[in-house]
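# prediction below, plus the sequence it came from.
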Protein chains: 2
Amino acid sequence: MSTLAELGEAELLQRLALFAPPGQLEDDTACLAPDPRSLIVNTDVLVDGIHFSDNTTSAGDAGWRAVAANLSDLAASGVTSVDGITVGLVAPGDTRWDWVEGVYGGISSALNQFGGVLLGGDCSAGTNRLLAITALGRLGPLQLLRSGAEPGDVVVTSGAHGLSRLGLALLRQEVDPASAALNKALQARAIQQHRRPVPRFDALNSLLRCKPANLPWRAGGTDSSDGLIAAVQGLCKASGCGVVLQQSEIPRPNGWPQGKRWDHWCLSGGEDFELVLTLPPAWAKAWQIAMPGSHCLGRITEEADQMIWSDGSTLAGSSGFDHFQTGT
Amino acid sequence: MSTLAELGEAELLQRLALFAPPGQLEDDTACLAPDPRSLIVNTDVLVDGIHFSDNTTSAGDAGWRAVAANLSDLAASGVTSVDGITVGLVAPGDTRWDWVEGVYGGISSALNQFGGVLLGGDCSAGTNRLLAITALGRLGPLQLLRSGAEPGDVVVTSGAHGLSRLGLALLRQEVDPASAALNKALQARAIQQHRRPVPRFDALNSLLRCKPANLPWRAGGTDSSDGLIAAVQGLCKASGCGVVLQQSEIPRPNGWPQGKRWDHWCLSGGEDFELVLTLPPAWAKAWQIAMPGSHCLGRITEEADQMIWSDGSTLAGSSGFDHFQTGT
């Protein structure tokens, strides 16, 4: 099995071209036809040892997750149609081709599922394996911004939280399924959520469909890639608002254990890639009917920077997932 | 002076936001308004130890070069207006903030000069310092493609070649200026070209202005980032054509020494970021008048894969600048 240094750059580029539409990688640039919609663009970098690891992530999963993380940002901005991605691949010369092939296989699977093509990219040697992905898509009728929240909005999220962090813990054997009394279905769901997360275009589409006709296209929004609490804090800060969240409404997955660590993983585990939105109450109500998995967490208030639980306690600080200080 | 680990990710992102328009980095995605022109997108990765090095490149120069390399691909595709770039920054936690500040200073200088803004990005720790840049711009009336060459076209380039490679050699003290009889002006120009290369939007604009009215908007084109010969070979391969280049027309800089090594650096040194075009003869002639620094090198022929010098010898293989096998 060849390494990248044995293949050489020209052969590597030829092999990678098979993952793109014919001729797509022939030029250094990609061309997108004029489009009457706004363009949304997002860049994410995923580094071996920080965002993924051979211990917990196959090559295919690493490729899938890199795409899903990028596309989740597009979904959480209001993108309804994905053009595609560019991929900057960096790997040491002794990296085996089959790892790269696995990564691009995972990338292709994710694009097949969520839309878009491999538009272009670049590759280079480097000591650290990593993927730098830029995703491009077109905005639907609603641009979701962190600064879009308004007092009186309801805070809603598209699903349960903590699964990705639990999946990682199970893969790392940080947690003993028996002593934590985790049922098999929850374990399987958590590992799947960690390895093959899903950007919530489905939730966005249901949100767009259920808007009450009398309301304008205005909502606050982001995704929960850095954790649910961090997402809520980001919305409040950018909008100059406060929030009151209900302890009773923490979006725990079914079968989720009780306890401090478990609450922390749910609220700040990160990488769940759910939508976190602030909506006028009528729209939030319509969305909860349209999307039974969604959760209503609390209310946006006028008090800038006052981010509290319903018992008056302050929301725990942001996730602490600092890429310069922690690793996967 | 703080390191990135001491600053933490939140503080780092706040500092980086000062290099972008106000509020631009508040959301994970950037939004570009609808535009009637095609969008051109390009991603390039620049890795410490391969594309730049503290020995030869200041932080500001590394930032400038990363932008220039990307924008050169846009210019060589026909982009007449740059929207901006996203930047994926990877660096170890012990990297000093002043290095990052220098890089973003160089990025800002290049954007100020060539157009576009810092649209967004991401940053992460990693063992290897690198920049993954995606540039976005709008196509003018002519899309330059490698596959755009036709038999009978003249091969033209926007300037002399070899300067960047000479600049690198001087910075590395690979070459003795006295024994090579290099004049001071050439040395200064070479170092400047290596540190602060210029994407040739000026040359593209003059090309667009001087098209004879009776010709269609069709030309072959790429840039010489991988070397002049590699650029010509790429045009021929993608277009299914051959080429005959004139030895007498090698675009040597003024004062360039004679000899094999010097010819090799001129033809395959790489990173000169000049346009390499194939044009109908009348357009090539008009461009040579409009752009006195441009050079006419030879002719595109019908014989696919026959890439030769006028004496019948084969064009030397591509630059050998293989990122998986060589370093800066």
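Sure, I can see it.

# name the residue of chain A that lies nearest to chain B.
Taking C-beta to the nearest C-beta, chain B has its nearest neighbour within chain A at residue A:132, 3.2 Å off. Heads up, the C-betas are built off the backbone N, CA and C, glycines and all.

# can you verify that residue is assigned to a helix?
No. Remark: residue A:132 does not belong to a helix; assigned using DSSP: H, G, I helix; E, B strand; the rest coil, it is strand.

# tell me what it is bridged to.
Judged by DSSP bridges, the bridge partners of residue A:132 are residue A:45, residue A:88.

# count the residues that sit near it.
By other C-beta atoms under 10 Å in any protein chain shown, the residues close to residue A:132 number 34.

# quick one: it and residue B:126 touch, right?
No. Counting by C-beta atoms under 8 Å, residue A:132 does not reach residue B:126; the two are 10.4 Å apart.

# which neighbours do those two have in common?
Common neighbours of residue A:132 and residue B:126, counting by C-beta atoms under 8 Å, 6 or more residues apart in numbering or on different chains, are A:45, B:90.

# if we can go back for a sec, can you tell me how far the residue of chain A closest to chain B sits from residue A:54?
19 Å (C-beta to C-beta, to the nearest Å).

# likewise residue A:150?
In this view, residue A:150 and residue A:54 are 45 Å apart by C-beta to C-beta.

# the more surrounded of the two?
Neighbours were counted for residue A:150 and for residue A:54 using other C-beta under 10 Å; residue A:150 has more, 16 against 12.

# now the more buried one: closest residue in space that isn't a chain neighbour?
Leaving aside its sequence neighbours, residue A:150 sits nearest to residue A:300 (C-beta to C-beta, 6 or more residues apart in numbering or on different chains; 6.5 Å).

# can you list the helices and strands that the helix or strand hosting that neighbour packs against?
Element membership of residue A:300 [criterion: DSSP states H and E] is strand A:295-301. With contacts defined as 3 or more C-beta pairs under 8 Å, 6 or more residues apart in numbering or on different chains; DSSP states H and E, the secondary structure elements packing on strand A:295-301 are strand A:154-157, helix A:228-239, strand A:242-245.

# adjacent strands (with direction) for that strand?
In the sheet, strand A:295-301 lines up against strand A:154-157 (antiparallel), strand A:242-245 (antiparallel) (DSSP bridges).

# tabulate these (a markdown table), appending mean pLDDT and mean neighbour count.
As requested, the strands paired with strand A:295-301 are arranged in a markdown table below (pLDDT from 0 to 100; neighbours: other C-beta atoms under 10 Å in any protein chain shown):
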| stretch | mean pLDDT | mean neighbour count |
| --- | --- | --- |
| strand A:154-157 | 98 | 24 |
| strand A:242-245 | 98 | 21 |
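
# low-confidence stretches in the stretch 201-328 of chain A?
Residues of the stretch 201-328 of chain A that meet the criterion pLDDT under 70 lie in A:317-328.

# can you give me the strands for it?
Listed in chain order, the strands of the stretch 201-328 of chain A (DSSP state E, counting those that start in this stretch) span A:220-223, A:242-245, A:275-279, A:295-301, A:307-309.

# same thing with the stretch 51-200 of chain A?
A:79-91, A:117-125, A:130-139, A:154-157.

# out of these, which gets the lowest mean score?
Ranked by mean pLDDT, these bottom out at strand A:117-125, with a mean of 94.

# what angle sits between it and strand A:79-91?
For strand A:117-125 against strand A:79-91, the angle by axes from the mean of the first three to the mean of the last three C-alpha atoms, to 10 degrees is 20 degrees.

# point out the most buried one among the strands of the stretch 51-200 of chain A.
Of all these, strand A:130-139 carries the top mean neighbour count, a mean of 28, counting by mean count of other C-beta atoms under 10 Å in any protein chain shown.

# quick check: closest non-adjacent residue to residue A:54.
Once flanking residues are discounted, residue A:54 sits nearest to residue A:48: 7.8 Å by C-beta to C-beta, 6+ apart.

# can you count the residues close to the one you found?
When counting by other C-beta under 10 Å, one arrives at 21 neighbours for residue A:48.

# I'd say residue A:111 and residue A:84 touch.
Yes. Shown here, residue A:111 and residue A:84 form a contact pair, counting by C-beta under 8 Å, at 7.0 Å.

# intersection of neighbour lists for the two?
Here residue A:111 and residue A:84 have A:117-118 as joint contacts, going by C-beta under 8 Å, 6+ apart.

# sorry, back to before: which one, of the strands of the stretch 201-328 of chain A, ends up nearest to residue B:206?
strand A:220-223 (45.2 Å; C-beta to C-beta).

# helices or strands up against the closest one?
Using 3+ C-beta pairs under 8 Å, 6+ apart: strand A:220-223 touches helix A:59-75, helix A:228-239, strand A:275-279.

# of those, flag the one that's most buried.
Greatest burial across the helices and strands packed on strand A:220-223, using mean count of other C-beta under 10 Å, falls to strand A:275-279, with a mean of 29.

# that one near chain B at all?
No. Strand A:275-279 is not in contact with chain B by C-beta under 8 Å from any C-beta of the partner chain; minimum separation 12.1 Å.

# near chain B, which residues of the stretch 151-300 of chain A?
Proximity of the stretch 151-300 of chain A to chain B is confined to A:222-223, A:225, A:238 under the rule C-beta under 8 Å from any C-beta.

# of all those residues, which comes closest to residue B:160?
So of these, ranked by how close each gets to residue B:160 (C-beta to C-beta), first place is residue A:225, at 47.8 Å.
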